[in-house]
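Engineer: missing the sequence, but the structure's below:
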């Protein structure tokens, strides 16, 4: 895999809703003028698969006809599979930018642990590529307009300025009317958790199964967070890294009798 030495920027678009989802098409249309755009994404929805990838079975990839110049590929795997396959095999050069989304549904707070959209951007970051994840809040309805308008703005800034190694951006956008959009906030990830509701039922054979639903709730201060921003009709931009070490705990553990 070669580095991209051309003056034309190369962009990889991926998602977890599937390569035929409306959000990825809106993102493609929004950023196509920024450079040479490729779309490599799962063939079907893979929401909630986090950073899962395939290693026990071969991966298949098929052309997606809606992408120009045969630069669209549907991967029979996860969002992370799509990034790995694009960077290592499908694309002729390492992309300058990885864009993931536009996801139907917000990815704030604890969602970052579960989201395939966020994981795809993180995988791009792991490859050393500038990466951004885009998601919309859908409680007000499904409307990609605000996100599609903002995507080329922040994508161009990242292409021009770059991000620090080990950092990617997680962007969440409200779907309010444009006249009610209050601006952009730089935010932190909200402390939050899911409250699970489990209902046990039986089928006609008497076998048990379970239906699970979830509600996200704050578990700490929400001020200045992604969760708060989009509920106040602001676009939330959160810098994220994958280093999970609790450095402040290291000297404490060294005092333990291990």
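Structural biologist: That came in fine, so what should we check first? Just so we're clear, the structure is a prediction, and the values are computed from it rather than from any experiment.

Engineer: Just give the nearest non-adjacent residue to residue 123, would you?
Structural biologist: Among residues not flanking residue 123 along the chain, residue 83 sits closest, at 4.2 Å (Cβ to Cβ, 6 or more residues apart in numbering). In this view, the C-beta of every residue, glycine as well, is placed from N, C-alpha and C.

Engineer: element containing that neighbour, please.
Structural biologist: Secondary structure from DSSP states H and E places residue 83 in helix 79-85.

Engineer: Could you give the number of residues near the spatially closest residue to residue 165 that is not a sequence neighbour?
Structural biologist: Nearest non-adjacent residue to residue 165, counting by Cβ to Cβ, 6+ apart: residue 128, 6.7 Å away. For residue 128, the count of nearby residues is 11 (other Cβ atoms under 10 Å).

Engineer: any idea how far residue 128 lies from residue 171?
Structural biologist: To residue 171, residue 128 is 20 Å away according to Cβ to Cβ, to the nearest Å.

Engineer: Which parts of the stretch 151-258 of the chain are helices?
Structural biologist: 226-231, 250-254 (DSSP state H, counting those that start in this stretch).

Engineer: ok, now the stretch 1-150 of the chain?
Structural biologist: Secondary structure of the stretch 1-150 of the chain (DSSP H, counting those that start in this stretch): helices located at 22-31, 79-85, 111-114, 116-126, 145-161.

Engineer: so which of those gets nearest residue 53?
Structural biologist: Comparison of the helices of the stretch 1-150 of the chain against residue 53 by Cβ to Cβ identifies helix 79-85 as nearest, at 4.4 Å.

Engineer: Determine the set of other helices and strands touching that closest one.
Structural biologist: Helix 79-85 is packed against strand 10-14, strand 36-42, strand 72-75, helix 116-126, with contacts defined by 3 or more Cβ pairs under 8 Å, 6 or more residues apart in numbering; DSSP states H and E.

Engineer: Can you give the contact residues for that helix?
Structural biologist: Applying Cβ atoms under 8 Å, 6 or more residues apart in numbering, the external contacts of helix 79-85 come out as 12, 14-16, 40-42, 46, 49, 51-54, 59, 61, 73, 75, 77, 98, 100, 116-117, 119-120, 123-124, 127.

Engineer: quick revisit: so which of the helices of the stretch 151-258 of the chain is the most surrounded?
Structural biologist: Mean neighbour count (mean count of other Cβ atoms under 10 Å) peaks for helix 226-231 among the helices of the stretch 151-258 of the chain, with a mean of 24.

Engineer: Just confirm residue 127 contacts residue 91, I think it does.
Structural biologist: No - if you go by Cβ atoms under 8 Å, residue 127 and residue 91 don't touch, sitting 11.4 Å apart.
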